[in-house]
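Enquirer: next input, structure requested:
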Amino acid sequence: MRYKIFIDGQEGTTGLKIHKRLRDRNDLEILTISDDERKNLKARLEMINNSDITFLCLPDEASREIAENAGKDRRLIDASTYHRTNKEWTYGFPELNVTQRSKITESNRVAVPGCHATGFISLVTPLISLGIVQKDYPFTCHSITGYSGGGKSMISQYESDSRAQDIDSPRQYGLSMNHKHLPEMKFITGVEYAPVFHPIVSDYYSGMLFTTTLHGRILNKKVNPEEIRQVYSKYYEEQPLIQIRKTEENPADGFVSANALTETDGLEIFVSGNEEQIVLMARYDNLGKGASGAAVQCMNIMLNLPESKGLATESGRK
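Expert: Sure, this is the predicted structure:
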């Protein structure tokens, strides 16, 4: 059987990367829409009605419009921000808990996690759910990403022959402390306060390193980095796309590079530091597990296909 797949917004960065992951699969048929119909609501709804799964790779308001007009029996995977905190949608992070994968399997509405949010949620959820960290813990985080995270306009800016000199160096943004991923970080993990969050964009195409720190003096109980590492190992032990690493396994002599998982769809967690300050890091591709790879993973689950089919892991890059 070949499943019919429609990518609404295939021309954007996320849509193009989803298409790349699906185009060579013989179990799928990718439906296409003509250029002059790409913004025609009626034509797009017809494509959705003819598909088994539709990916929404659209701005927030466009995703809202199409979701509100599509039949409730139509299966949608939304890569925008709009539905991530909507209780009527299933959050597309199957590793979240023991029931999340089955919820995705049964759902007709799945919201793909945000790239930065993926790092925070993967690091914090196990600690909150097991009572190691209290819900009112004052998290401070930073996340460094490649410029592809800014979409076509930022990619064009960074790859221009006449680009500004200031983009040669890393640049912090989100200075209003109101980043669009904060609501889902708070909503999905259940923390009482949104984290202090410092996103940084740097001069490389893709890859993300999300970091937060635990202060031993304000934890619920005394733990060391190895104990936290074991917590993650147990929590994610049967998750095919999440690996727990030791910093000493990293070949870069004490450095953890943000772009090491470019063009892959997995996520690595590192734990370092000491009993007083424990450093937690999640490394992945902002276009992989942080976007398109996560969307395809959800599609596979919804169609009862092998979860990693069409995806690239650390040991098998595409």
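
Enquirer: continuing past the helix or strand bottoming out on mean pLDDT in the chain, what's the next helix or strand?
Expert: Lowest mean confidence among the helices and strands of the chain (mean pLDDT, DSSP states H and E): strand 242-246, at a mean of 91. Going down the chain from strand 242-246, the next helix or strand is strand 267-273, by DSSP states H and E.

Enquirer: gap between stretch 137-154 and the chain center?
Expert: Here the centre of stretch 137-154 is set off from its chain's centre by 11 Å, with C-alpha atoms, centre = their mean, to the nearest Å.

Enquirer: got the domain ranges for the chain?
Expert: 3-112+290-302, 115-286 (automatic domain parsing).

Enquirer: TSV please, covering those and showing mean neighbour count.
Expert: To be clear about C-beta, it is placed using only N, CA and C from the backbone, and glycine gets the same treatment. Converted to TSV, the domains of the chain look like this (neighbours: other C-beta atoms under 10 Å):
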stretch	mean neighbour count
domain 3-112+290-302	19
domain 115-286	18
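
Enquirer: if we can go back for a sec, what helices or strands is the least confident helix or strand of the chain leaning on?
Expert: Strand 242-246 makes packing contacts with helix 225-235, strand 267-273 when contacts are defined by 3 or more C-beta pairs under 8 Å, 6 or more residues apart in numbering; DSSP states H and E.

Enquirer: what's the first one packed up against?
Expert: Right, the one you point to is helix 225-235. In terms of contact count using 3+ C-beta pairs under 8 Å, 6+ apart, helix 225-235 is assigned the packing partners helix 115-129, strand 242-246, strand 267-273, strand 277-284.

Enquirer: for that helix, the averaged confidence score.
Expert: Averaging the model's pLDDT scores along helix 225-235 yields 96.

Enquirer: for the remainder of this discussion, apply numbering that starts at 498.
Expert: Got it, the first residue is 498 from now on, which makes the last one we talked about helix 722-732.

Enquirer: ok, residues contacting that helix?
Expert: Residues from elsewhere that reach helix 722-732 (C-beta atoms under 8 Å, 6 or more residues apart in numbering): 623-624, 627, 629, 711, 741, 743, 766, 768-772, 775-777.

Enquirer: swap in stretch 603-610?
Expert: 564, 569-576, 579-581, 583, 585-590, 601, 618, 681, 685, 787-788, 791-792, 795, 799.

Enquirer: go on, stretch 640-650?
Expert: Stretch 640-650 is touched from outside by 509-510, 612-613, 616, 651-652, 654-655, 664, 667, 694-708, 755-756, 759, 783-784, 787, with contacts defined as C-beta under 8 Å, 6+ apart.

Enquirer: how does it look with 6 Å?
Expert: Taking C-beta atoms under 6 Å, 6 or more residues apart in numbering as the criterion, the residues outside stretch 640-650 that touch it are 510, 612-613, 616, 651-652, 655, 696-699, 701-707, 755, 783-784.

Enquirer: what's the answer for stretch 534-544, then?
Expert: Here stretch 534-544 makes contact (C-beta under 6 Å, 6+ apart) with 503, 505, 528, 530, 566.
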